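Student: sequence isn't available, so here's the structure alone:
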């Protein structure tokens with residue numbers, strides 16, 4: 001799925017990551033984003049490789065894709081291998097490609113507070129902020145760190161109040177919002193630490 005069926009004007013949340021593995025936390029923040037941002041769909045963009053993580057720490061791509069599709073059991077959530085098929089690694093490149101192909105679709109980048117905290121390490125992160133509206137979803141233990149981070153300070157004037165979250169997709173970037181959620185804060189690293197992933201290592 002590349003988004004070829006996106007009708008003009010659709011509001012799409014993009015949740016990228018290695019999903020190693022996908023878990024209920026990913027589903028919960030996607031559902032929260034659908035509701036709070038008034039999105040029409042959330043697309044999970046499964047990355048072949050996270051450039052900030054060791055390649056040998058990742059399970060097989062096909063296995064990650066299969067697990068993500070099991071977890072994302074919702075009619076408004078789609079799991080996509082777009083980055084693998086297009087040979088894309090960096091979020092900025094994926095975002096540009098999608099916007100080029102679907103210029104009338106309203107995309108919103110969904111990231112956790114932990115990613116906002118380290119966003120200044122991402123490739124062309126300032127260009128990314130100028131390319132797509134960003135929704136930052138709270139994560140216990142990361143929120144204060146994230147809001148004190150370089151990216152939050154640099155774009156402090158572009159931050160919308162949480163009560164305006166539903167309008168984010170209509171804002172011209174830079175525009176971002178920090179929203180609290182009540183989701184269970186599961187993490188992929190915790191699942192791996194318990195020996196529950198990859199499945200064939202159980």
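Tutor: Nice, I can see it. As the structure is a computational prediction, the values presented were derived from the model and not from experiment.

Student: host element of residue 14?
Tutor: Assessed by DSSP states H and E, residue 14 sits inside strand 11-17.

Student: centre of the chain to that strand, how far?
Tutor: On the basis of CA atoms, centre = their mean, to the nearest Å, strand 11-17 sits 5 Å off its chain's mean C-alpha point.

Student: kindly report the same for stretch 166-182.
Tutor: Its chain's C-alpha centre and that of stretch 166-182 lie 13 Å apart, by CA atoms, centre = their mean.

Student: tell me the buried residues in that stretch?
Tutor: Under the neighbour-count criterion of 16 or more other CB atoms under 10 Å, stretch 166-182 has 168, 169, 171, 173, 174, 175, 176, 177, 178, 179, 181 buried. Every residue, glycine included, has its C-beta placed from N, CA and C.

Student: ok, residue 138 - how many residues close by?
Tutor: For residue 138, the count of nearby residues is 21 (other CB atoms under 10 Å).

Student: might you report the residue contacts of it?
Tutor: 113, 178, 179, 180, 181 (CB atoms under 8 Å, 6 or more residues apart in numbering).

Student: from those, which ones fall inside helices?
Tutor: Within those, residues falling in helices by DSSP state H are residue 113.

Student: quick check, nearest of the contacts of residue 138 to residue 149?
Tutor: Nearest to residue 149, judged by CB to CB, of those is residue 113 at 9.2 Å.

Student: the inter-axis angle of the host helix or strand of residue 111 versus strand 11-17?
Tutor: According to DSSP H and E, residue 111 maps onto strand 106-112. Here strand 106-112 runs at 40 degrees with respect to strand 11-17, directions being taken by axes from the mean of the first three to the mean of the last three CA atoms, to 10 degrees.

Student: thank you kindly, that will do.
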